[in-house]
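1. Got a sequence here, can you build the structure:
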Amino acid sequence: MARAPSIGVAVDLAKAIVVSCEGYHAGISVLDAAGTPKLYYVPDGTGGTHAYTGYRKANTALALKMPSGQVAAAARSRVRRTRPARSMASGRFSRA
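-> Got it, this is the predicted structure:
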């Protein structure tokens with residue numbers, strides 16, 4: 001069984017996150033160390049899709065072994081470095 005906070009701790013953390021995100025719609029997903037969802041927390045007035053977005057964000061951070069706040073920046077820098085140059089030749093795209 002993968003490491004995870006207890007449900008009580010997960011709920012307390014989710015509530016604290018909602019308080020710190022006052023004014024924003026926030027859905028919280030808590031995963032265990034294997035990436036299995038342990039808690040979806042959707043406060044009143046928030047759409048359920050926010051919790052799924054939280055799951056995807058947390059799962060990506062877990063897979064990349066970096067804090068979720070760094071994932072977007074890493075993805076942007078990687079796209080800039082790896083995007084191949086393309087040119088238009090004979091009406092078809094080809095690598096330059």
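
2. can you pull the contacts of the residue nearest in space to the middle of the chain?
-> Nearest to the mean C-alpha position of the chain, counting by Cα atoms, centre = their mean, stands K57 at 0.7 Å. Neighbouring residues of K57 by Cβ atoms under 8 Å, 6 or more residues apart in numbering: S29, S68, V71. Backbone N, C-alpha and C define where each C-beta goes, glycine included.

3. Number of residues surrounding the last one?
-> So the one you mean is V71. Residues lying near V71 (other Cβ atoms under 10 Å) number 16.

4. can you check I17 too?
-> I17 has 16 neighbouring residues, counting by other Cβ under 10 Å.

5. And for P37?
-> What P37 shows, counting by other Cβ under 10 Å, is a neighbour count of 16.

6. What residues are bridge-paired with it?
-> L31 (DSSP bridges).

7. per-residue confidence at it?
-> In this model, P37 is scored at 90, pLDDT.

8. What helix or strand is the residue nearest to the centre of the chain located in?
-> Following DSSP states H and E, one finds K57 within helix 49-64.

9. What are the buried residues along that helix?
-> For helix 49-64, the neighbour count (16 or more other Cβ atoms under 10 Å) marks H50, A51, G54, Y55, A58, N59, A61 as buried.

10. Throw those residues into a markdown table and include pLDDT and distance to V9, thanks.
-> Putting these into a markdown table (pLDDT from 0 to 100; distance: Cβ to Cβ, whole Å) gives the following:
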| residue | pLDDT | distance to V9 |
| --- | --- | --- |
| H50 | 85 | 21 |
| A51 | 85 | 18 |
| G54 | 85 | 17 |
| Y55 | 89 | 18 |
| A58 | 87 | 16 |
| N59 | 89 | 20 |
| A61 | 88 | 19 |
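
11. Any chance of the residues you listed in JSON lines with distance to Y24 as columns?
-> Listed next are the buried residues of helix 49-64 as JSON lines, based on distance: Cβ to Cβ, whole Å:
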{"residue": "H50", "distance to Y24": "9"}
{"residue": "A51", "distance to Y24": "14"}
{"residue": "G54", "distance to Y24": "12"}
{"residue": "Y55", "distance to Y24": "17"}
{"residue": "A58", "distance to Y24": "17"}
{"residue": "N59", "distance to Y24": "21"}
{"residue": "A61", "distance to Y24": "19"}
